[in-house]
Structure formats: C-alpha cells, structure tokens
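*Asks:* here is a sequence together with a model predicted from it:
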Amino acid sequence: MLKLFIAAISVGLIYWLWLKKKQIFSSRNNKIDPFITTIEAIEIQTFLDWNTSQYCLECDGMRYGKQFKQKKAPDLPHEAGCRCEATKLFYTSDDVFQGTSPVLTHKSALGDLSTKDALLLKNILLKIRTSTGKGGFSDFLEQFEINNFSENIRSRAISLVKHAFDAEQSKE
Ligand SMILES: [Zn+2]
C-alpha cells in the first residue's frame, strides 16, 4: 500500500514539474517577441541615370515614417526631371538596426540593378556632381572599385558614368 502511495506522489510531482517548466519557457518566449517588430515606412528610390540630379541622388534610400527622424515623405517629384519613387515598405526592427533594406532591386537606366550595383553607381554619380577637380576620366574612375560591378552591367555602367562625367565637364 505504501509503495503505491509513493508511486502516486512521484507521478504527481513529475507532472507538476513538467507544468512549471512549460510555464517558464512560454513566459520566456513572450519576452523575446516584442523585440522583433514590424515597422511601416516610406522609402525613396531614385532612378539612376547619367543626368540624375545631385539632390535626387542624395535623397535615395531616405526613409520616412512614425519611427523615423523624418515623419512625412516629401511630395514627388522633388524637382523638374525627378524620377524618384516612394515605396511603402515593412521593415523588421532588425533591418532598421542593421541599415539593411527589404528592397532587392533598384531602378536605373541600365534596368533593375542589384542593391550592391546601385549603391556603387550612385556613389560614382554623386562624386561626379560634387567633385570640382579637373582631370581625365580614367584618373577619376581609379578611386572606385569598378570591378565590383556585376559583370553583365559593368561596361554599360562605365559608359553611363562616362556620359555623366563628360556632361559635367562641359558645363564648366
Ligand atoms: Zn527626386
């Protein structure tokens, strides 16, 4: 009789421990959840071309929304000739923290570019707009890792950049 009693107590105890463990784990999960939040925002994507203005280039990738420094997206077009687009996006807090974007392609005169190609092209175009130094095109290009352009667009990207460079030189 005593043996049966001890067995019953043990079973009860094990069951109780199992319940406790379950509770601890579920409360832990509840604590993690709030850190992964979804954030709604508007992101400006600039159409990259040889004649894209400096202002539009600088606005590329800007984010607007309740959780951002700038709350309200500007009216588009920014100025005459602007081909920027405003896209509504849903970021995770991780995207915002890491500076990554859920946008995977970028519109340009060369077609849809990968984020990596678009960033390099934008940086070169911006440098053309902001640098005042005279000099040849090949000297100018040396400061960039041109080989980082994807192979299928590299030569077209270089001629687009050359076009922008020549146009800027002839302005002065
Ligand atoms: Zn614009």
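*Replies:* Yep, that arrived. Numbers count the residues shown, from 1 in each chain.
*Asks:* which residue, neighbours along the chain excluded, lies closest to Leu48?
*Replies:* Ser108 (3.8 Å; C-beta to C-beta, 6 or more residues apart in numbering). Every C-beta, even on glycine, is put in place using the N, C-alpha and C of the backbone.
*Asks:* one more: Leu120?
*Replies:* Asn148 (5.8 Å).
*Asks:* is that neighbour in contact with Leu119, as I believe?
*Replies:* No. Counting by C-beta atoms under 8 Å, Asn148 stays clear of Leu119, with 9.5 Å between them.
*Asks:* can you count the residues close to Asp166?
*Replies:* For Asp166, the count of nearby residues is 13 (other C-beta atoms under 10 Å).
*Asks:* swap that for Ala8, please
*Replies:* 10.
*Asks:* so who does Tyr64 touch?
*Replies:* Ala41, Ile42, Glu43, Ile44, Gln70, Lys71, Lys72, Ala73 (C-beta atoms under 8 Å, 6 or more residues apart in numbering).
*Asks:* of the residues you listed, closest to Lys171?
*Replies:* Ile44 (25.5 Å; C-beta to C-beta).
*Asks:* tell me the SS of the closest one?
*Replies:* strand (DSSP: H, G, I helix; E, B strand; the rest coil).
*Asks:* list the buried residues in stretch 144-161.
*Replies:* Judged by neighbour count using 16 or more other C-beta atoms under 10 Å, the buried positions of stretch 144-161 are Phe149, Ile153, Ala157, Leu160, Val161.
*Asks:* typo on my end, it should be stretch 78-93
*Replies:* Within stretch 78-93, judged by 16+ other C-beta under 10 Å, the buried ones are His78, Cys82, Arg83, Cys84, Leu89, Tyr91.
*Asks:* filter these down to the ones in strands?
*Replies:* Here DSSP state E is the test, and the buried residues of stretch 78-93 give Leu89, Tyr91 as lying in strands.
*Asks:* just give me the least confident of the buried residues of stretch 78-93.
*Replies:* Least confident entry in the buried residues of stretch 78-93, by pLDDT: Tyr91, with 78.
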